[in-house]
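Novice: Sequence plus the predicted model coming up.
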Amino acid sequence: MIDTQSGSKSDFAVETRGLGKSFGGFDAVRDVNLKVRRGSVHALIGPNGAGKTTCFNLLTKTLIPTTGRILLHGKDISSLRTSDVAQLGLVRSFQISATFLHLTCLENVRVALQAKNGGGYRFWRSLRAISGLNARAMELLERVGLADVADVRATELSYGKKRALEIATTLALDPSVMLLDEPTAGMGHEDIEPVTELIREAAVGRTVLIVEHNLSVVSSLCERITVLNHGEVLNEGSYAEVSSNADVVSAYMGGGEDD
Amino acid sequence: MTRIPAILLIVVLVILAPFFVYPVLLMTILVFVLFASSFNLLLGYAGLLCFGHAMFFGTSAYITGQFLKVTGSTLEFGLLAGVLVAAAMGLAVGVIAVRRSGIQFAMITFAIAQFVYFFLLQAEFTGGEDGMQQIPRSALFGVIDVSDHRAFYFVVLGATVLALALIYRIIHSPYGEILRAIRDNEERVESLGFRPERFKLVAMTLSAGIAGLAGGLKATVFQFATLTDVSWTVSGEVIFMTLLGGLGTLAGPAVGAGIVIFMNDELAQFGEWSLIAQGIILLLVILFFRRGVVGEIIAVLHKRRAGRSEGLTKGD
């Protein structure tokens, strides 16, 4: 059960109060009170159909909540758009890796750097006008191990490297909160380990909320875990606490879910 | 390295062309090169399929014509009037349509274009079915006489080159980079903090303005403007030109426009056969040469270059 009374606003990077979403009478998410402590890596897990993705889409402003409020650093962002919350420091990733396939790696990162610098509309200037961003872009590519393919189009990268590029692009915004949607979904074992490592590194000094299926990734990355079931919060705690909770175990067994 | 001689060859050809080919045919080609390039800016770089692009082209032809007839002003102001009206129209259409994409965007632009067509059909100043006749081709800047077709050819050529240079700049600008990113993944661009629809709105305005320049030039080349210029067949033709030449390449629409206008001219004597030929060519291009003429050439060159440097770029 989640405590909604205590804790000052500033302790939490992301907070939801009575968050709910229904689709034509069906409550996909109901009265979710989520508190993501600033600087923590927090996971949102649950069996299929538990409402994880709906919850995620509410937080990223892709969906509009039916009830409740969403706070970012104590500020109500319930009525803002995706692009607005990005400017406020809350940036999401996508389940299917979201790179700009026909742009080079450098250009991919530069797009985000342009967003951060409030640019983008200067159609009369040459690209030299933003060549000042190249050094920072290269720095970010280097950080995720893509410096040697800076001029290669994203479409030519392997799946794992596309993920790395996506992380570099997100980091370019220097977000205070990152929302990651199943970052290792569809990945082979050889990619999961390096991507987990990249997330761990990227999470330093930030708040990260992850929706993830892979429980070994969750256990190695996340300090706190919220378990959803049937659109409601079932349990919250550390991995050890959550995994030994009888309700959680039965929800997972009942859902027939196994990783 | 092979680029410089190729560019020199093109420069020599376009300068000598009016001395060997009927200048009006050449000017028609240039007008459609410009028109197709403006369309390509929208579809090829912003991913927006405008199925009513003729509304900008044709409206500007009428506006330019009317402006020159009524005010008796010099040529450049007539063209400017057409460009501004077309750009404003692009902005207005964009406000309505830009939040939609794909087939919805195409249908909305088509519907608005039909509305514009019937408005111009009914409007007094357009001359309705008869069209607008005797548009004066007044002197450029008030001093350069362009009544001679060959002299005017160089004006049209100059305007086309300038507009193509502008398109090149737009594509290779900080803005162009975002636009290409939007075409690849709009959702992601929004998640980075941009408002994609605003970028598309700018693209609509720019594209419509350039289409307007093409329309204004068309009106002054032929010295008349007709309902054909705003009809959906012209909207369809510009799509055909762009796909034939190569979508999303700078030279593609130009080559496509050149081929289509030249072909229409050559096949005109066969009447409907020219349309049938167009249909067959479009079918062949869609079935076998998806990238269009220029796109296919670029693909072959890339493959050859990749073959030469094999092992250097091949990673995982």
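Specialist: Perfect, I can see it now.
Novice: pLDDT below threshold where in the stretch 201-316 of chain B?
Specialist: By pLDDT under 70, the low-scoring segments of the stretch 201-316 of chain B are B:308-316.
Novice: Next: the stretch 1-150 of chain B.
Specialist: B:1-2.
Novice: Could you rerun that using 90?
Specialist: Residues of the stretch 1-150 of chain B that meet the criterion pLDDT under 90 lie in B:1-26, B:44-48, B:68-76, B:78, B:98-103, B:120-150.
Novice: How about the stretch 151-259 of chain A?
Specialist: The stretch 151-259 of chain A contains residues with pLDDT under 90 at A:151, A:154, A:157-164, A:166-168, A:171, A:173-174, A:180-205, A:211-259.
Novice: Chain B contacts on that one?
Specialist: Residues of the stretch 151-259 of chain A lying close to chain B (CB under 8 Å from any CB of the partner chain) are A:V152, A:E156, A:S158, A:K161, A:T169, A:L173. Glycine gets a C-beta too; all of them are placed from N, C-alpha and C.
Novice: tally of neighbours for B:N185?
Specialist: By the criterion of other CB atoms under 10 Å in any protein chain shown, B:N185 has 24 neighbours.
Novice: Test my guess that it contacts A:I96.
Specialist: No. Counting by CB atoms under 8 Å, B:N185 does not reach A:I96; the two are 9.7 Å apart.
Novice: tell me the centre residue of chain B?
Specialist: For chain B, B:F35 is the residue whose C-alpha lies nearest the centre (CA atoms, centre = their mean; 1.8 Å).
Novice: And that residue, which helix or strand is it part of?
Specialist: Element membership for B:F35, per DSSP states H and E: helix B:23-46.
Novice: if we can go back for a sec, right, and the residue nearest to the centre of chain B touches B:G256 too?
Specialist: No. If you go by CB under 8 Å, B:F35 and B:G256 don't touch, sitting 10.9 Å apart.
Novice: List the residues that contact the nearest residue to A:S176 once chain neighbours are set aside.
Specialist: Sequence neighbours aside, A:G89 is the residue nearest to A:S176 in space, at 3.9 Å (criterion: CB to CB, 6 or more residues apart in numbering or on different chains). A:G89 makes contacts with A:L72, A:H73, A:L173, A:D174, A:P175, A:S176, A:V177, as judged by CB atoms under 8 Å, 6 or more residues apart in numbering or on different chains.
Novice: now the residues you listed: which count as buried?
Specialist: The neighbour count (16 or more other CB atoms under 10 Å in any protein chain shown) marks A:L72, A:H73, A:L173, A:P175, A:S176, A:V177 as buried among those.
Novice: And those, which two are furthest apart?
Specialist: The largest separation in these, counting by CB to CB, is between A:H73 and A:L173 at 15.6 Å.
Novice: number of nearby residues for the residue in the stretch 151-259 of chain A that chain B sits nearest to?
Specialist: Closest contact between the stretch 151-259 of chain A and chain B, by CB to the nearest CB, is at A:S158 (4.8 Å). A:S158: 13 surrounding residues under other CB under 10 Å.
Novice: List phi and psi for it.
Specialist: Here is the backbone geometry of A:S158 (degrees, to the nearest 10): phi -70, psi 170.
Novice: Please apply the same query to A:V233.
Specialist: According to degrees, to the nearest 10, A:V233 has phi -70, psi 130.
Novice: and it, what are its bridge partners?
Specialist: A:L228 (DSSP bridges).
Novice: count of residues packed around it?
Specialist: 23.
Novice: What separation do you get for it and B:F154?
Specialist: From A:V233 over to B:F154 the distance is 74 Å, taken as CB to CB, to the nearest Å.
Novice: got a list of what B:G102 touches?
Specialist: Counting by CB under 8 Å, 6+ apart, B:G102 has contacts B:L49.
Novice: so the helix or strand hosting B:A6 versus helix B:23-46, what angle?
Specialist: Remark: B:A6 resides in helix B:3-16, with elements defined by DSSP H and E. Taking axes from the mean of the first three to the mean of the last three CA atoms, to 10 degrees, helix B:3-16 and helix B:23-46 form an angle of 140 degrees between their directions.
Novice: which outside residues touch helix B:3-16?
Specialist: So helix B:3-16 is contacted by B:L157 (CB under 8 Å, 6+ apart).
Novice: Would you mark the buried spots in it?
Specialist: So helix B:3-16, judged by 16+ other CB under 10 Å, has buried residues B:V14.
Novice: Where does the residue nearest to A:E212 when sequence neighbours are not counted sit, in terms of helix or strand?
Specialist: If you skip the residues right next to it in sequence, A:E212 has A:V218 as its closest partner in space, 5.2 Å away by CB to CB, 6+ apart. For A:V218, the host element (DSSP H and E) is helix A:215-221.
Novice: For that helix, name the packing helices and strands.
Specialist: strand A:41-45, helix A:189-202, strand A:207-211, helix A:239-243 (3 or more CB pairs under 8 Å, 6 or more residues apart in numbering or on different chains; DSSP states H and E).
Novice: how many degrees apart are the first one and helix A:189-202 in direction?
Specialist: This means strand A:41-45. 130 degrees.
Novice: what's next to the next helix or strand after strand A:41-45, contact-wise?
Specialist: On the C-terminal side of strand A:41-45, the nearest following helix or strand under DSSP H and E is helix A:52-59. Contacts with helix A:52-59, where a contact means CB under 8 Å, 6+ apart, come from A:14, A:16, A:19, A:21, A:28-29, A:32, A:34, A:44-46, A:63-65, A:70, A:90, A:92, A:179, A:181, A:209, A:211, A:228, A:231.
Novice: got the CA positions of helix A:52-59 in CSV?
Specialist: Extracted C-alpha coordinates of helix A:52-59, given in CSV (Å, rounded to 0.1, in the frame of the first residue of the first chain):
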residue,chain,number,x,y,z
LYS,A,52,2.3,-0.7,-17.3
THR,A,53,2.2,0.6,-20.8
THR,A,54,-0.9,2.7,-20.2
CYS,A,55,0.8,4.1,-17.1
PHE,A,56,3.9,4.9,-19.1
ASN,A,57,1.9,6.6,-21.8
LEU,A,58,0.2,8.7,-19.2
LEU,A,59,3.5,9.8,-17.8
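Novice: Report the angle between that helix and strand A:41-45.
Specialist: 130 degrees.
Novice: and helix A:52-59, average pLDDT?
Specialist: For helix A:52-59, mean pLDDT is 87.
Novice: hmm, back to that, for the residue nearest to A:E212, give me its contacts.
Specialist: Counted by CB under 8 Å, 6+ apart, A:V218 has contacts A:A43, A:I45, A:I210, A:E212, A:I225, A:Y239.
Novice: what residues does the stretch 51-200 of chain B put near chain A?
Specialist: B:169-170, B:172-178, B:180-181, B:183-185, B:187-195, B:198-199.
Novice: redo that, cut-off 10 Å
Specialist: By CB under 10 Å from any CB of the partner chain, the residues of the stretch 51-200 of chain B that approach chain A are B:166-185, B:187-199.
Novice: Now which of these would you call buried?
Specialist: The neighbour-count test (16+ other CB under 10 Å) marks B:166-167, B:169-185, B:188-194, B:196-197, B:199 as buried among those.
Novice: if we can go back for a sec, grab the CA positions of the helix holding A:V218 and hand them over as CSV.
Specialist: C-alpha atoms of helix A:215-221 as CSV (Å, rounded to 0.1, in the frame of the first residue of the first chain):
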residue,chain,number,x,y,z
LEU,A,215,13.5,-9.2,-14.1
SER,A,216,17.3,-9.7,-14.1
VAL,A,217,17.7,-6.3,-15.6
VAL,A,218,15.3,-4.8,-13.1
SER,A,219,17.1,-6.5,-10.2
SER,A,220,20.5,-5.3,-11.3
LEU,A,221,19.4,-1.7,-12.1
